[in-house]
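Undergrad: Need a 3D model of the sequence below.
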Amino acid sequence: MKINILSIFPSLFEAFLETGIVGRAKENEIISFNLINIRDFSSDSYGTVDDYPYGGGAGMIMKAEPIVEALGSIPERGEVYLLSPRGECFSQKMARKLSGKEILTLICGRYKGVDERVRDFVDGEISIGDYILSGGEVAAMVVVDALTRLLPGAVGDVESVNTDSFERGLLDAPVYTRPKEFRGKKVPEVLLSGNHGEIEQWRKEKAVELTKKYRKDIMGS
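TA: As a prediction, the model looks like this:
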């Protein structure tokens, strides 16, 4: 898989793309990245990518020209997504869908927003929640991390991925590791029993119980 990322701060991605599951997937050539600095496509020597909004008002707006020129420089763009509060809320279902693409392009907005005409050049928009960030870079990292771990070979234990929260419309069951007792709290006996049937049933029941308590809205999704 290949992901093109357009940003005015591409250096923000450098450590992220070399770390953890994403870094290993990149090293193993499961995924590759093309970081594109939108400022390189500015029409002036100052690298200007923003301007005042027509009609007045607070904030600055990202200009259409540098973004569209940056897009035009990419030979293979695949589907193009703008990280935006207007977008569809990112979910595990969407991560699954995007992980099946060969090529994706993510545009990271900044400032008050992007010139509306940029939307003529995208296939969709993605939001990671109902709050405002300084820019789309963090949101793009969320998208990249979520879909990378779904790529074949990115995570060693495939079963671990398939049983994560949200994969079956449920939160994951509680998990424990050593020691057996920590500050008076003991690991449930069923997990120490060695009875795999009973353990699986306990995990299913706890997953349903936790989802009903904390995220009833996702049940069966």
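Undergrad: and the lengthiest strand in the chain, how far from the chain's centre?
TA: Longest strand of the chain, by residue count under DSSP state E: strand 79-89. Between the centre of strand 79-89 and the centre of its host chain there is 11 Å, according to Cα atoms, centre = their mean, to the nearest Å.
Undergrad: Following the lowest-mean-pLDDT helix or strand in the chain in sequence, what is the next regular element?
TA: Within the chain, no helix or strand scores below helix 158-162, which has a mean of 70 by mean pLDDT, DSSP states H and E. Sequence order places strand 181-182 as the next helix or strand after helix 158-162, per DSSP states H and E.
Undergrad: Partner strands of that next one, with direction?
TA: strand 185-186 (antiparallel) (DSSP bridges).
Undergrad: before we move on, which element is the residue nearest the centre of the chain in?
TA: The residue lying closest to the centre of the chain (Cα atoms, centre = their mean) is Val143, at 1.4 Å. According to DSSP H and E, Val143 maps onto helix 137-148.
Undergrad: cool, Leu104 as well?
TA: strand 103-108.
Undergrad: The closest residue to Phe166 other than its chain neighbours - how many residues pack around it?
TA: Spatial nearest neighbour of Phe166, chain neighbours left out: Gln92 (3.9 Å); criterion: Cβ to Cβ, 6 or more residues apart in numbering. Placement of C-beta: from N, CA and C, glycine included. Counted with other Cβ atoms under 10 Å, the neighbours of Gln92 add up to 18.
Undergrad: Return the distance of Gln92 relative to Gly59.
TA: With distances taken as Cβ to Cβ, to the nearest Å, Gln92 is found 33 Å from Gly59.
Undergrad: next one: Ile31
TA: Counting by Cβ to Cβ, the gap from Ile31 to Gly59 is 34 Å.
Undergrad: Can you name the residues that contact the residue nearest to Phe166?
TA: 146, 164, 166-167 (Cβ atoms under 8 Å, 6 or more residues apart in numbering).
Undergrad: Break this structure into its domains for me.
TA: What automatic domain parsing lists as the domains of the chain is 2-148, 163-218.
Undergrad: Now do the end-to-end distance for stretch 167-177.
TA: 22 Å (Cα to Cα, to the nearest Å).
Undergrad: what residues does that stretch touch?
TA: 92, 161, 163-165, 187-188, 191, 202-204, 206-208, 210-211, 214-215, 218-221.
Undergrad: can you tell me the average pLDDT over stretch 119-131?
TA: The pLDDT scores in stretch 119-131 average 97.
Undergrad: which residues sit against that stretch?
TA: Here stretch 119-131 has contacts from 67-68, 71, 79-90, 94, 106-107, 139, 142-143, using Cβ under 8 Å, 6+ apart.
Undergrad: Give me the buried entries from those residues.
TA: With burial judged by 16 or more other Cβ atoms under 10 Å, the buried subset of those is 67-68, 71, 80-85, 87, 90, 94, 106-107, 139, 142-143.
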